[in-house]
Each structure stands twice: as C-alpha cells, then as structure tokens.
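K.L.:
everything below, folded, please.
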Amino acid sequence: MSDDLVPFDFSRKLTALQRSLYAYILTLLPNRADAEDVLQETNLILCRKANEYDPKGHFQGWAFQIARYQVMAQITKTKRNRLQFSTEIVETLAAEEIDAKDMALSQKALQLCYDLLPDHMKKIARLRFREDAQLKDISARVGRPLGSVSATLHRIRINLTDCVRKKLPVVEAESER
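P.N.:
Here you go, the predicted model:
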C-alpha cells in the first residue's frame, strides 16, 4: 500500500464514525471550535496511521484512543484558558467510552422528538443547536424579545428531554427487530 493512499474499507469506517467521534471529542472539550479542530487533527493522524490499523481490531476504540490523545494535546496547548477541563476530568470521561449504538439510538429518538416540535420551536432549536447562533442573533432573526427566546429554548430542552425519555425505549425495541 502506498503511504499516500488510504484503503477504501478504512476510509468507509472512518467516514461512518465521524458523528460519534465528534460527539466523543465534544464530551471531552467544552469548546466546539476546539472540538472541530481536534476532530480534523484526529482524522489526519488516523489517515497517516491507516497502514498501522489491524482490520481485525476494534476500529472505534482505536480511533477514540487517538482522539483522546489529541484532546490532551489540545488541553496542553490551551492551558492558559481558565475554562479548560483538567486532564483528570478528561481521563475520567474518556474512560467511560461512548457506545456508538446507544448514541445512534439516542440521536434517532432526538430526531423523532425534534420533528414533533412546532415550527417556531424547530426554527429556534435549529438556530441555537445546529447553527450555534447566539441568543441575541436568534432574537433578531425570529423577531422576538431575548427573554422570550430564552424561555422558548428552556421549554424546547424540557420537551426534548421528556420526549427522548419516552421515545428511546420504542426506538431501542425497533432496532432489535
């Protein structure tokens, strides 16, 4: 295998793992921009080390371990920022490896619940959680006062949390069929 080429099977596995890998990194780093940077760096390292991966091994575990090392490197790099997790907390969180299947089921339940939201709540949720917009920007875009947007986001979180709790057993049962 050429050092410049990544095998198709490896590439397919890496592509399929992107959401879970990002979610894992995001649990270890509170800053989305840092998490995205670490995801990119992790992907580069994984591709560079593709020829070292044993196809019989656990791909997700291997990828998450490399991501954890990159998170630690990021924390070391930005140690001056007071809002960083300590390495002990990161190690504790990393030890509780996220189960990709459980995460996929939770995401499916969340999507079902999101689809049930009224349109005005969907718009606010999309702006806040998918586009990462600030409250003042959301307020301006939807033409509602800041306090109203904040209260709506609170209701959205409560609705989604309650709904996911109810839908998750149904989604899990469907996945076992």
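K.L.:
and the residue nearest the centre of the chain, how far from residue 58?
P.N.:
The centroid of the chain falls nearest to residue 23 when counting by C-alpha atoms, centre = their mean (2.1 Å). The gap separating residue 23 from residue 58 is 18 Å, by C-beta to C-beta, to the nearest Å. No exception for glycine: its C-beta is placed from N, CA and C like everyone else's.
K.L.:
check residue 65 too.
P.N.:
Per C-beta to C-beta, residue 65 is found 10 Å from residue 58.
K.L.:
once you drop chain neighbours, what's closest to residue 23?
P.N.:
residue 103 (6.1 Å; C-beta to C-beta, 6 or more residues apart in numbering).
K.L.:
quick one: contacts for the one you found?
P.N.:
Going by C-beta atoms under 8 Å, 6 or more residues apart in numbering, residue 103 touches 19-20, 23.
K.L.:
let me have those residues in a markdown table, extended by secondary structure and pLDDT.
P.N.:
A markdown table is the format used below for the contacts of residue 103 (DSSP: H, G, I helix; E, B strand; the rest coil; pLDDT from 0 to 100):
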| residue | secondary structure | pLDDT |
| --- | --- | --- |
| 19 | helix | 90 |
| 20 | helix | 88 |
| 23 | helix | 87 |
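K.L.:
just these now: which is nearest residue 54?
P.N.:
Residue 54 has its nearest neighbour among those in residue 20, at 19.9 Å by C-beta to C-beta.
K.L.:
my read: that closest one touches residue 60, true?
P.N.:
Yes: under the criterion of C-beta atoms under 8 Å, residue 20 makes contact with residue 60 at 7.0 Å.
K.L.:
can you give me the helices for this structure?
P.N.:
8-28, 32-48, 59-77, 87-95, 100-116, 119-125, 135-142, 146-176 (DSSP state H).
K.L.:
report pLDDT for the closest residue in space to residue 124 that isn't next to it in sequence.
P.N.:
Once flanking residues are discounted, residue 124 sits nearest to residue 152: 5.4 Å by C-beta to C-beta, 6+ apart. At residue 152, the model reports a pLDDT of 93.
K.L.:
run a quick neighbour tally on residue 152.
P.N.:
19 (other C-beta atoms under 10 Å).
K.L.:
quick one, what contacts it?
P.N.:
By C-beta under 8 Å, 6+ apart, the residues touching residue 152 are 120-121, 124, 144.
K.L.:
what are the buried residues along stretch 109-121?
P.N.:
For stretch 109-121, a neighbour-count test (16 or more other C-beta atoms under 10 Å) marks 109-110, 112-114, 117, 121 as buried.
K.L.:
if we can go back for a sec, what's the spacing between the residue nearest to residue 124 and residue 161?
P.N.:
Counting by C-beta to C-beta, the separation of residue 152 from residue 161 is 15 Å.
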